[in-house]
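Enquirer: Got a sequence here, can you build the structure:
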Amino acid sequence: MAKELWKGNEAIAEAALRAGVEAYFGYPITPQTELLEYMAREIPNYEGRVFLQAESELAAINMVYGAACGGARTMTSSSSPGVSLMMEGLSYIAGTEVPIVLVDIMRGGPGLGNIQPSQGDYFQMTKSLGHGDYHAIVLAPSTVQEAVDLTYEAFALAEAYRTVVVILADGAIGQMMEPVELPEPRPVMTEAARPSWALRGAKGRERRVLSSLYMGSERLEQLNLRLQERLREAEAREQRWEEVMTDDADILIVAFGTVGRICKTVVKAARNQGLKAGLFRPISLWPFPEERLQALASSVDQVLVVEMNAGQMLLDVRAAVAGRAPVHFLGRLGGVVPLPDEIGQEIDKLASMAAGNGVQVTPAVKTGANGAAPVTEIATGPEV
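Expert: Next up, the predicted model:
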């Protein structure tokens, strides 16, 4: 299929339609509003599918919950503050074991923040959506094409593990335009293919009950054990990542999403200078590709984590590396996107140090040249 120029948000929406999404509920918030607008324009062209703009994110996620209980292929989308409002409903969805897809086009925070791209939702998405012991599967694209491919696949993953699958992208991915090859449309799920637990009317059979309310502790423990078993299966099968020039790397950059994309340029520039840099880009943020990162950390001198936050994935990287190499951090906050030159300067610093000479992240925040942009910088200190 020929490539076409698509805006990120609209390409994600089209990918969901081609994956057979039947019900979309949402509420506008920048920088993801084009996704909702695309659904509003296109879904009425598909017989039997539903678009509804809710009165709030809280209402939208509960509409998603209801449609998912009915066995419909269902999704919503929002941006950071809007997703925060959905947490209660997402926990109910997880506790009820129904599949949905959530697209989070991240913006700067905390609070209402701004509409610039950020990666500040890493904790919120990967550690738990709302209360309770569970994880969503979280996939982080670095290009519009990858956002399309992951969205197309997300529905099958959600249905396989009866869980929430999150497409976690920052505002840059949502707003940029790139050539994209769209997938072939899938047919909408037939009635015969609906899951056996779906609430489709009880005429002629015993009623089915879906709930996240378990009054007995032993019954609730059984639910949690069942969830954990599925999560372990996902953890074993669904780890995804990309590597760039890691075979002989001395310095390993770890970055996801837009920053991972930027770091490809950094690696290329470093190699042109004779520096052996490589990139490890987690695509699945949960399950985090821990084992592969462990193996790479054993063969490099330094690890540099770069994020558009204060160091959230950094904790997962530290846990995976577990002392095999010093771990350093560079972060930009508040919607500031790190540039290849400033990441390259950190590579130069690390290259000038002897391997394992004991440097660590100092979470010192300094004011940028414009008097507003803070940056976390690397400083010398005891070994991590």
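Enquirer: Please verify my assumption that E42 contacts A13.
Expert: Yes: with contact defined as Cβ atoms under 8 Å, E42 and A13 form a contacting pair (7.2 Å). Glycine gets a C-beta too; all of them are placed from N, C-alpha and C.
Enquirer: Looking at the two now, which is surrounded by more residues?
Expert: A direct count of neighbours by other Cβ atoms under 10 Å for E42 and A13 places A13 higher, at 30 against 16.
Enquirer: Which secondary structure state is assigned to that one?
Expert: Three-state call for A13 (DSSP: H, G, I helix; E, B strand; the rest coil): helix.
Enquirer: OK, contacts around the nearest residue to it once chain neighbours are set aside?
Expert: Once flanking residues are discounted, A13 sits nearest to Y38: 3.9 Å by Cβ to Cβ, 6 or more residues apart in numbering. When contacts are counted by Cβ atoms under 8 Å, 6 or more residues apart in numbering, Y38 touches N9, E10, A13, E14.
Enquirer: Output those in TSV, with distance to V98 appended to each entry.
Expert: Below are these laid out as TSV (distance: Cβ to Cβ, whole Å):
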residue	distance to V98
N9	25
E10	27
A13	22
E14	24
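Enquirer: Most neighbours among the residues you listed, which one?
Expert: Neighbour count (other Cβ under 10 Å) singles out A13 as the most crowded of the contacts of Y38, with 30 neighbours.
Enquirer: From L157, how far off is that one?
Expert: For A13, the distance to L157 equals 18 Å [Cβ to Cβ, to the nearest Å].
Enquirer: mind checking pLDDT for the residue nearest to A13?
Expert: pLDDT for Y38: 98.
Enquirer: for the helix or strand hosting it, which positions count as buried?
Expert: Element membership of Y38, judged by DSSP states H and E, is helix 33-42. Neighbour counts using 16 or more other Cβ atoms under 10 Å place T33, E34, L35, L36, E37, Y38, M39, A40, E42 of helix 33-42 among the buried residues.
Enquirer: Which of those residues sits closest to A269?
Expert: Nearest to A269 out of the buried residues of helix 33-42 is E34 (Cβ to Cβ; 32.6 Å).
Enquirer: if I read this right, that closest one contacts A11, doesn't it?
Expert: No: taking contacts as Cβ under 8 Å, E34 lies outside contact range of A11: 9.8 Å.
Enquirer: Need the residue closest to the centroid of this structure.
Expert: L168 (2.8 Å; Cα atoms, centre = their mean).
Enquirer: Quick check: bridge partners of that residue?
Expert: Going by DSSP bridges, L168 is paired in beta bridges with D104.
Enquirer: Low-confidence ranges, the stretch 51-200 of the chain, go.
Expert: The stretch 51-200 of the chain contains no residues with pLDDT under 70.
Enquirer: 80 - rerun?
Expert: 128 (pLDDT under 80).
Enquirer: All the strands of it, in order from the start?
Expert: 74-78, 100-106, 137-139, 164-170, 177-180 (DSSP state E, counting those that start in this stretch).
Enquirer: Remind me what the shortest one packs against, helices and strands.
Expert: Put plainly, it is strand 137-139. Here strand 137-139 touches helix 144-161, strand 164-170, strand 284-286, going by 3 or more Cβ pairs under 8 Å, 6 or more residues apart in numbering; DSSP states H and E.
Enquirer: What does S128 show for phi and psi?
Expert: phi 180, psi 140 (degrees, to the nearest 10).
Enquirer: meant to ask about P110
Expert: Main-chain torsions, P110, degrees, to the nearest 10: phi -80, psi -180.
Enquirer: Can we start the residue count at 693 from this point?
Expert: Fine by me, first position is 693 from now on; the one you just mentioned is P802.
Enquirer: show me the residues around the closest residue to it other than its chain neighbours that make contact.
Expert: Sequence neighbours aside, G812 is the residue nearest to P802 in space, at 7.3 Å (criterion: Cβ to Cβ, 6+ apart). Contacts for G812 (Cβ under 8 Å, 6+ apart) come out as S772, M798, G800, G801, P802, G805, M1000, N1001, Q1004, L1025.
Enquirer: What of D1040?
Expert: Going by Cβ under 8 Å, 6+ apart, D1040 touches L967.
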